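Trainee: Structure for this input, please:
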Amino acid sequence: MVVNRLLVTGGSGFIATNFFHFLLTLPEEEQPEVRLFDRRFGQDLTCKEDVEAAWKWEPDACVNFASYTHIDDSIKNPRKFWENNIELMLNVLEACREYDCRLLQISSSEVYGTQVYTPQDEEHLIQPQSPYALTKVVQDRSCYAWWQTYDLDVSIVRPFNQFGPYQQTQKLIPKFAYNIIHGLPLPIYAEGNARRDWLYVKDTVRGIWMALNKLPAGEAVNLATGKSWSVKEVADLLKDIVPKVSGKPDLSKIVTIDHVDDRWGHVFHLEGSYEKAEKLLEWKPEYTFPEALEETVRWYIQNEFAVPYRRGGE
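Mentor: Numbering: from 1, shown residues only. Got it, this is the predicted structure:
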């Protein structure tokens with residue numbers, strides 16, 4: 001489809017910020033007019049009046065990044081996640097239905113839970129292991145239900161574990177990079193054997209744009225690399241990369257591991273298949289994990305680990 005007017009919800013979040021940067025790289029004639037909906041600007045997707053005001057602009061499409069996202073926070077306060085993430089999804093779906101607006105929903109690999117088989121494809125068992133993951137399942141399957149019931153033009157993208165510029169510094173990769181530079185311990189859940197499929201956000205946003213334009217209604221597609229790395233392996237990679245790009249004294253040799261109790265609802269292994277994305281979107285990851293990791297560390301060092309205020313989108 002041709003997208004002339006694009007509404008982006010949760011637009012000050014990490015992935016959404018990188019998505020805006022990606023849109024600016026498109027040829028001028030392909031760049032849509034974009035409007036942002038975000039709590040940062042006093043807008044609330046759980047408020048029907050705010051939603052109605054936004055959709056009166058009559059966008060051609062909406063990319064919904066909006067959700068509370070931190071798993072640990074969802075474990076501490078599940079009601080907050082339930083009331084926000086599910087209410088906003090209903091409002092977005094109904095607004096898109098009323099205004100005949102295409103919707104691309106940003107879901108999460110967390111819907112799959114720990115692998116039953118690898119790589120995890122889109123037919124993998126849905127087994128959420130945290131309150132956050134459960135809300136993403138409800139969002140994901142609500143989109144499918146609105147397609148089935150109302151023939152809504154809605155598709156779903158399930159990105160695997162994200163990293164890259166503009167991510168909040170409490171996340172694993174920027175936190176580990178900062179600690180290595182300063183010779184501080186690396187906090188690792190349990191023994192650090194949990195494995196993740198790490199997808200560079202620059203590959204992610206390219207896939208989101210391709211899905212918005214190409215993914216058929218009712219379809220869900222993974223964005224993944226097909227490879228997984230343990231937390232210990234990520235720590236070892238960063239110990240090699242950080243001294244090389246930081247220009248600071250190498251303190252990596254004195255960095256220790258601080259093992260902390262495993263959290264409730266911890267997914268042990270995520271590793272996704274991108275075969276369907278390659279077939280339907282002609283998408284596949286362009287960056288290897290080590291080279292994307294080095295580019296990410298360089299960005300954080302150049303920006304002194306100062307990440308602008310982000311809230312909302314994943």
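Trainee: Find the helix or strand that the residue lying closest to Lys244 once chain neighbours are set aside is a member of.
Mentor: Nearest residue to Lys244, sequence neighbours excluded (C-beta to C-beta, 6 or more residues apart in numbering): Glu294, at 7.7 Å. No exception for glycine: its C-beta is placed from N, CA and C like everyone else's. For Glu294, the host element (DSSP states H and E) is helix 289-302.
Trainee: Give the buried residues for that helix.
Mentor: Residues of helix 289-302 classed as buried: Phe289, Ala292, Leu293, Glu294, Glu295, Thr296, Val297, Arg298, Trp299, Tyr300, Ile301 (neighbour count, 16 or more other C-beta atoms under 10 Å).
Trainee: so which pair among those residues is furthest apart in space?
Mentor: Phe289 and Ile301 (18.5 Å; C-beta to C-beta).
Trainee: now the strands for the stretch 101-250 of the chain?
Mentor: Along the stretch 101-250 of the chain, the stretches classed as strands by DSSP state E, counting those that start in this stretch are 102-106, 154-159, 161-163, 186-189, 195-196, 198-200, 220-223, 229-230.
Trainee: Now do the fifth one: everything it contacts.
Mentor: For strand 195-196, the surrounding residues in contact (C-beta atoms under 8 Å, 6 or more residues apart in numbering) are Phe160, Asn161, Ser228, Trp229, Ser230, Val231, Val234, Phe268, His269, Leu270, Glu271.
Trainee: I'd like the distance from the lowest-mean-pLDDT helix or strand in the chain to the chain centre, please.
Mentor: Ranked by mean pLDDT, DSSP states H and E, the weakest helix or strand in the chain is strand 257-260, scoring a mean of 87. Mean C-alpha position of strand 257-260 versus that of the full chain (C-alpha atoms, centre = their mean, to the nearest Å) differs by 26 Å.
Trainee: Tell me which strands it pairs with, and in which orientation.
Mentor: Here strand 257-260 is paired, per DSSP bridges, with strand 186-189 (parallel).
Trainee: Show me what the helix or strand containing Glu49 is packed against.
Mentor: Glu49 belongs to helix 48-55 when assigned by DSSP H and E. Packing partners of helix 48-55 (3 or more C-beta pairs under 8 Å, 6 or more residues apart in numbering; DSSP states H and E): strand 33-37, helix 78-98.
Trainee: and Val201, which of those is closest to it?
Mentor: strand 33-37 (17.9 Å).
Trainee: quick one: strands adjacent to that closest one?
Mentor: Strand 33-37 is paired, per DSSP bridges, with strand 5-9 (parallel).
Trainee: after the strand it pairs with, next one along is what?
Mentor: Assigned by DSSP H and E, the successor of strand 5-9 is helix 14-23.
Trainee: So which other helices or strands are in contact with that following helix?
Mentor: Against helix 14-23 (3+ C-beta pairs under 8 Å, 6+ apart) you get strand 5-9, helix 201-214.
Trainee: Can you give me the buried ones in that helix?
Mentor: Applying 16+ other C-beta under 10 Å to helix 14-23 flags Phe14, Ile15, Ala16, Thr17, Asn18, Phe19, Phe22, Leu23 as buried.
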